[in-house]
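Engineer: kindly generate the corresponding structure for this input.
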Amino acid sequence: MQKIGYVIVMVLTLAAATAVAKSKLEGIWQAAKQVTPMPTLALKADGTYTLDSNSDGQAEFSGKYILKPDLQIVFSEKGQPAGLYTYELDGPALQFLLDTDPNDARKNQLRITWVRKP
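Structural biologist: Numbering: from 1, shown residues only. As a prediction, this is how the structure comes out:
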């Protein structure tokens, strides 16, 4: 009986930690360095994301993201293989470190340093 209680506590703790991490990542992010065009990444509370890589207001990538407890994030679009990244949130800077992503275009866009859009 104690093992079941321990497992339940661990599952709830893990779920709470993932929810806190998700809330820290939610929002609009832009490239940390001034570049033209300025890419914008929106991580939404409903688990969806959009990535506008050329500042035209149209998302080149959109789909779902899933946070994993070990600081990993999965990006997926309908009909495309998913990409797996480890994320680092250091003060105002967010980085995605590539684990695996067969989508070269998405991979090239995500592997920059991001800051929250003012």
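Engineer: which strand residues bridge the most centrally placed residue in the chain?
Structural biologist: Nearest to the mean C-alpha position of the chain, by Cα atoms, centre = their mean, lies Ile73 at 5.3 Å. Counting by DSSP bridges, Ile73 is bridged to Leu67, Tyr85.
Engineer: got the contact list for it?
Structural biologist: Contacts for Ile73 (Cβ atoms under 8 Å, 6 or more residues apart in numbering) come out as 25, 65-67, 84-87, 96. For glycine as for every other residue, the C-beta is placed from the backbone atoms N, C-alpha and C.
Engineer: neighbours around Gln80, how many?
Structural biologist: Look at Gln80: counted by other Cβ atoms under 10 Å, it has 15 neighbours.
Engineer: that one and Val115, how far apart?
Structural biologist: Distance of Gln80 to Val115, given as Cβ to Cβ, to the nearest Å: 27 Å.
Engineer: biggest separation within the contacts of Ile73, which pair?
Structural biologist: The span of those, defined through Cβ to Cβ, is set by Leu25 and Leu84 at 15.4 Å.
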